[in-house]
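Colleague: Sequence first, then the predicted structure:
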Amino acid sequence: MGPLVPDIITDNLNLIIGLFLGVAFGFVLEQAGFSSSRKLTGLFYGTDFTVLRVFFTAGITAMAGVILLGSFGLLDLDIISINPTFLYAALAGGAIMGVGFVVGGYCPGTSFCGAAIGKIDAMVFIAGGYLGVLLFGEMFPTVQNFYMSAALGDITFNSVLGISPGLFAMILIAAAVLAFAVTTRIELRVNPGSPARSFPVRYHRLAAAGVLAVGIVLAVLPDYKTRLISRAASASYDSAHPVPLISSDELAFRIIDHDPNIRIIDVRSKTDSTKMSLPGAVAIPVMSMFGKEWRDVLAQAHIKKIFVADGESEEKSAAHLAVLLGYENVLILREGLDDFAASVMHPRPPASAGARGDQDVYRFRQKASAQIAVMIREQKAPKATEHIVKRIVGGCGA
Amino acid sequence: MKTSYMNPYLAGFFLGLVLLATIFITGHGLGASGALKSVVVATVKAVAPGHPAGNEFYHSTPGTSPLKAWLVFEILGVVLGAFVSGVISNRLTFETEHGPRIAGRTRLGMALIGGALFGIGAQFARGCTSGAALSGMAVLSFGGILTMFAIFGAAYGVAYFFRKLWN
């Protein structure tokens, strides 16, 4: 599952990959005509909307790809870098750059493309960019407060609007297609030599219909977590993939025996699991199983992971989810912690002194409950240490 | 030799795929201004080693060389890729591109000023058109998309006053 750095691709290899991705980036920008400042600035005078076409097509392609990969569980959207929002600096910086675009004719990425094919104005633009960054660095102590103000964190636009990423993507795709259609008409009117005259109109209409269809798919596609959780909770999945059970007595025996081959996973919501937990239990909230933070615990194939919660159905959903996420050797506690508390921790003497087996079980439970109570008391409060995998910090803002 | 430009929508689609591959592999997007920052930080550290002290701007990458940064390698690739594209499409020429109503020297002065504005603005916005606007759009970043609107909004807002530069 992506991103591949750092688990699959090392940091040094990543630099080489960066070089190759840069080659592709630069090649496409140059092929699109982004090495020419007059072509770029045509955007602002209605003569050439190439920048808008390339930029928005690239943006919606990547956005749709990110959402689709996330929806199929191929890309972990919880850790990919989301440019942090510093509200005022984002707007002011953007406005300064906008003026710089019209005055300078390039943006940084395109200036490197222009310089690569010999555009002297692009080389001077890069020199200007260097001086600008240096100037910013020198005045940094003065502007630091503004620079850091209104820090909203790594929020997404759709979360601000309170809608799903897919719906936001659909709206953006529709807006892009509309913008393409309108600006092409403007361009054809303003510029007799417009590049739009040579467009194959039929293919463009087909492509527009295609991306709008993709937008609708994105809007209705359930996200990965929701889909997996509902599948894990479904009765049909349970009957097809029953989870092995362990009884309260067997678990109690293994606990007091300090069995190294079991791991108790407390899957109740966090507030519950800090209340009372079994000795050595690790609290893993169901939602956090999606991430990498508990992989080291859950991926130990030779260890029996015993999922516990108050009742069996909650345990089942969590265990199914773990199996769906690829973890093996998962068991659940028969009838849950409620049964464990009632039968093992508060043993009742058998009704009649008749059956010998019942007496043995009673004696075992008395012994086990006493020992387990001590073990619970002695273990340092909640063993649930916070495992947090941070978002990747990358890009220009790093 | 093919000298015309690629269909913009096709180019945009390919560019989107490059960006998607970047996010899938590295977990972050593409960028350009960040590489400039690395070079600035590196030169300031080399030229005036004592100078950065106390200024947090120069302390983003402690220990390692600022030039051993992903974006620096990526930008080297951009230059290489654009050069190859220029060779294939027969567009390699040393020239200063400018509007019909201004001299080449004016254009170069404006390019320097525009570049400086971009350098400053990109630091405030934590990225430029690539790193903040485009990469931000791909991951639906609120700040990135706001920056994108601010860039294009401001550019349209002032375009009229600079029309002589281009038309």
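Modeller: Thanks, I have it.

Colleague: Quick one: list the elements packing against the worst-scoring helix or strand of chain B on mean pLDDT.
Modeller: Ranked by mean pLDDT, DSSP states H and E, the helix or strand of chain B with the weakest confidence is helix B:33-47, at a mean of 91. On a contact count with 3 or more Cβ pairs under 8 Å, 6 or more residues apart in numbering or on different chains; DSSP states H and E, helix B:33-47 meets helix A:120-138, helix B:70-88, helix B:104-124. No exception for glycine: its C-beta is placed from N, CA and C like everyone else's.

Colleague: any residue of the last one up close to chain A?
Modeller: The reference is to helix B:104-124. Yes. Contact of helix B:104-124 with chain A (Cβ under 8 Å from any Cβ of the partner chain) involves B:107-108, B:110-124.

Colleague: Any idea how many residues pack against the closest residue to A:Met148 other than its chain neighbours?
Modeller: Nearest in space to A:Met148, with sequence neighbours left out and distances taken as Cβ to Cβ, 6 or more residues apart in numbering or on different chains, is A:Phe86 at 6.6 Å. The tally of other residues near A:Phe86 (other Cβ atoms under 10 Å in any protein chain shown) stands at 23.

Colleague: isn't A:Phe86 right next to B:Ser141, touching?
Modeller: No. Between A:Phe86 and B:Ser141 there is no contact, the gap being 11.4 Å when judged by Cβ atoms under 8 Å.

Colleague: related to what we said a few turns ago, I'd like the distance between the residue nearest to A:Met148 and A:Phe146.
Modeller: Per Cβ to Cβ, to the nearest Å, A:Phe86 is found 9 Å from A:Phe146.

Colleague: sorry, back to before: the least confident helix or strand of chain B relative to helix B:104-124, how many degrees between them?
Modeller: 90 degrees (axes from the mean of the first three to the mean of the last three Cα atoms, to 10 degrees).

Colleague: Could you pull out the buried residues of helix B:33-47?
Modeller: B:33-42, B:44-45 (16 or more other Cβ atoms under 10 Å in any protein chain shown).

Colleague: Can you add distance to A:Lys119 and give those back as a markdown table?
Modeller: A markdown table is the format used below for the buried residues of helix B:33-47 (distance: Cβ to Cβ, whole Å):
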| residue | distance to A:Lys119 |
| --- | --- |
| B:Ser33 | 18 |
| B:Gly34 | 22 |
| B:Ala35 | 18 |
| B:Leu36 | 17 |
| B:Lys37 | 22 |
| B:Ser38 | 23 |
| B:Val39 | 20 |
| B:Val40 | 22 |
| B:Val41 | 26 |
| B:Ala42 | 25 |
| B:Val44 | 27 |
| B:Lys45 | 30 |
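
Colleague: Assign the residue nearest the centre of chain A to helix, strand or coil.
Modeller: Nearest to the geometric centre of chain A sits A:Leu77, at 1.6 Å (Cα atoms, centre = their mean). Classification of A:Leu77 by DSSP: H, G, I helix; E, B strand; the rest coil places it in coil.

Colleague: Would you mind confirming that it makes contact with A:Gly65?
Modeller: No. A:Leu77 lies out of contact with A:Gly65 (Cβ under 8 Å); the separation is 11.9 Å.

Colleague: how far away is B:Ala11 from A:Ala209?
Modeller: For B:Ala11, the distance to A:Ala209 - Cβ to Cβ - is 20 Å.

Colleague: Looking at these two, which has the bigger crowd around it?
Modeller: B:Ala11 (24 against 11).

Colleague: Apart from its neighbours in sequence, what residue is nearest that one?
Modeller: B:Ala11 sits nearest to A:Ala32 (Cβ to Cβ, 6+ apart), 3.6 Å away.

Colleague: Thought B:Phe13 was touching that neighbour, still the case?
Modeller: No. Using Cβ under 8 Å, A:Ala32 is not in contact with B:Phe13, being 10.6 Å away.

Colleague: And these two? Which one has more around it.
Modeller: A:Ala32 (30 against 20).

Colleague: how close does the more buried one sit to A:His346?
Modeller: 73 Å.

Colleague: For A:Ile332, pull up the helix or strand it's in.
Modeller: strand A:330-333 (DSSP states H and E).

Colleague: Could you report the neighbour count for the closest residue to chain B within chain A?
Modeller: Per Cβ to the nearest Cβ, the residue of chain A with the smallest distance to chain B is A:Gly104, at 1.6 Å. Using other Cβ under 10 Å, A:Gly104 has 33 other residues around it.

Colleague: Enumerate every residue touching the closest residue to it other than its chain neighbours.
Modeller: Leaving out its chain neighbours, the residue that sits closest to A:Gly104 by Cβ to Cβ, 6+ apart is B:Gly114, at 1.6 Å. By Cβ atoms under 8 Å, 6 or more residues apart in numbering or on different chains, the residues touching B:Gly114 are A:99-106, A:125, A:128.

Colleague: The same query, at a cut-off of 6 Å, please.
Modeller: Shown in contact with B:Gly114 (Cβ atoms under 6 Å, 6 or more residues apart in numbering or on different chains): A:100, A:103-104.

Colleague: That one and A:Val99, how far apart?
Modeller: Going from B:Gly114 to A:Val99 by Cβ to Cβ gives 8 Å.

Colleague: now swap in A:Ile303 and tell me
Modeller: 61 Å.

Colleague: who's more crowded, these two?
Modeller: Counted by other Cβ under 10 Å, A:Ile303 and A:Val99 do not tie: A:Val99 has more neighbours, with 22 against 16.

Colleague: Name the helix or strand for the more buried one, please.
Modeller: A:Val99 belongs to helix A:87-104, assigned by DSSP H and E.

Colleague: ditto for A:Leu178
Modeller: Per DSSP H and E: helix A:165-190 holds A:Leu178.

Colleague: Now do the next helix or strand after that helix against helix A:165-190: the angle between them, please.
Modeller: Past helix A:165-190, further along toward the C-terminus, the next helix or strand under DSSP H and E is helix A:201-220. Angle, helix A:201-220 to helix A:165-190, by the same axes, to 10 degrees: 160 degrees.

Colleague: where's the closest residue to chain A within chain B relative to B:Ala154, distance?
Modeller: The minimum distance from chain B to chain A, using Cβ to the nearest Cβ, falls at B:Gly114 (1.6 Å). Applying Cβ to Cβ, the value for B:Gly114 to B:Ala154 is 12 Å.

Colleague: what about residue 97, how many neighbours?
Modeller: Using chain A here. Applying other Cβ under 10 Å, I find that A:Met97 has 35 neighbouring residues.

Colleague: that's the wrong chain, I wanted chain B
Modeller: 22.

Colleague: What distance do you get for it to B:Ala103?
Modeller: For B:Glu97 relative to B:Ala103 (Cβ to Cβ), the value is 13 Å.

Colleague: Work out for me the element A:Asn83 sits within.
Modeller: Using DSSP H and E, A:Asn83 is not contained in any helix or strand.

Colleague: residues in contact with it?
Modeller: A:397, B:132, B:136, B:141, B:143-144.

Colleague: Who is the nearest residue to A:Leu333 once chain neighbours are set aside paired with across the strands?
Modeller: Spatially, and ignoring its direct neighbours in sequence, A:Leu333 is nearest to A:Val308 (4.7 Å; Cβ to Cβ, 6+ apart). In this entry, A:Val308 is beta-bridged to A:Asp266, by DSSP bridges.
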